[in-house]
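Q: Mind looking at a prediction? Sequence and model below.
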Amino acid sequence: MRHLLAMLLLLPALLGAGETYLEITTAQGVIRCRLFADACPVTVQNVCDLAEGKRAFTDPATGQQVTRPFYDGLTFHRVVPGFMIQGGDPKGDGTGGPGFQFKDEINAVSLGLDKEAALQGDNLHPQCAYMGGQFVQLYINPKLAGRGIGPASTAEERNAAIGQILPGLQTLTLMQFYRDLGYKYDDKLPPSRKPIRGVLAMANSGANTNGSQFFINLGDTPHLTGKHTVFGEVVAGMEVATAIAAVPRGERDRPKTPVVMTSVKVIRE
């Protein structure tokens, strides 16, 4: 009997904790996402607590702390065919959040960012080529100043100095570049997922600025690798996400007719 009781007590651990899903209902249909609770425990906990009304947030209309299901009635405020649909903003314009922020949960080593050179010859890695201004500000301008190159210097002097600086940056990795921008990584986390088509990821305004906004990828977005926590994947309803992205849009890719999340439920199986 004691052996049987011990086995019964161990059964939940042997079976595992089960799966957690986020079910987003819209007029276009239902999107069901499996959440990566093991790889992103803080992210999944925050999203689930907001969805279930277990965590207080700041109501943007009153400025008061309230506790209710956060996502119900919010919209997908930005939709781009072939790219993504983004929602979870209580203000509905891309500038809002719950009144708090939490950390990224990204294992950069598992994504290979420690093996990717930030520079390929004299050019930035294609994955971060759009970040040239930040690269120059971080690495080029300080070294130019150290060489006495300033606004009064000629283009020839500046280019010659840059030509001498770049060889010393050839060992810089994408992981180090992003870390120097403020991103913090944890290689003790389980492997992170890349931001490919069908994943659910946190939207942010920079390192460790997660709140309530999220997006669903409609295509692969390698340039976002290491900058957004991927915390789930669509397991049903990808056609719904595609249909949402196809609605008529106005300025800033906002649907002309609001696409409302009538309910966002957490389902544990």
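A: That came through fine. Numbers count the residues shown, from 1 in each chain.

Q: C-alpha only now, for contacts and for neighbours.
A: Fine.

Q: per-domain residue ranges of this structure.
A: As assigned by automatic domain parsing, the chain contains the domains 19-106+188-268, 119-172.

Q: what's the spacing between the spatially most central residue of the chain and Tyr185?
A: Taking CA atoms, centre = their mean, the centroid of the chain lies closest to His228, which sits 2.5 Å from it. His228 sits 11 Å away from Tyr185, going by CA to CA, to the nearest Å.

Q: Name the residues contacting each of these two.
A: By CA atoms under 8 Å, 6 or more residues apart in numbering, His228 and Tyr185 have these common neighbours: Asp104, Ile106.

Q: about what we covered before: nearest residue to the residue nearest to the centre of the chain in space, please, no chain neighbours.
A: Of all residues not flanking His228 in the chain, Met202 sits nearest, at 5.8 Å (CA to CA, 6 or more residues apart in numbering).

Q: What number of neighbouring residues does the one you found come out with?
A: 24 (other CA atoms under 10 Å).

Q: Give me the spatial nearest neighbour of Phe76, chain neighbours excluded.
A: Of all residues not flanking Phe76 in the chain, Gly87 sits nearest, at 4.0 Å (CA to CA, 6+ apart).

Q: before we move on, back to that, I'd like the distance between the residue nearest to the centre of the chain and Ala201.
A: His228 is 6 Å from Ala201, by CA to CA.

Q: Same check on Leu174?
A: 20 Å.

Q: what's the helix or strand for Met175?
A: helix 174-180 (DSSP states H and E).

Q: same thing with Val235?
A: Val235 belongs to strand 230-236 when elements are defined using DSSP H and E.

Q: Relative to that strand, what are the paired strands and their orientations?
A: strand 29-35 (antiparallel), strand 199-202 (antiparallel) (DSSP bridges).

Q: buried sites along the first one?
A: The reference is to strand 29-35. Val30, Ile31, Arg32, Cys33, Arg34, Leu35 (16 or more other CA atoms under 10 Å).

Q: dump the residue contacts of the fifth one.
A: By CA under 8 Å, 6+ apart, the residues touching Arg34 are Glu19, Thr20, Tyr21, Leu22, Gly232, Glu233, Val234, Val235.

Q: ditto for Arg252
A: Arg78.

Q: Now do it against Val79, distance only.
A: Arg252 sits 9 Å away from Val79, going by CA to CA.

Q: do you know which of the strands paired with strand 230-236 lies nearest Gly168?
A: Closest to Gly168 of the strands paired with strand 230-236, according to CA to CA: strand 199-202, at 34.5 Å.

Q: Residues contacting that closest one, please?
A: 33, 195, 210-217, 228-234.

Q: That one: how far from the chain's middle?
A: 6 Å (CA atoms, centre = their mean, to the nearest Å).

Q: Output that strand as PDB, restricted to C-alpha atoms.
A: C-alpha atoms of strand 199-202 as PDB (Å, rounded to 0.1, in the frame of the first residue of the first chain):
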ATOM      1  CA  VAL A 199       5.200  32.100 -33.400                       C
ATOM      2  CA  LEU A 200       3.800  34.300 -30.600                       C
ATOM      3  CA  ALA A 201       6.300  36.900 -29.300                       C
ATOM      4  CA  MET A 202       6.300  39.900 -27.000                       C
END
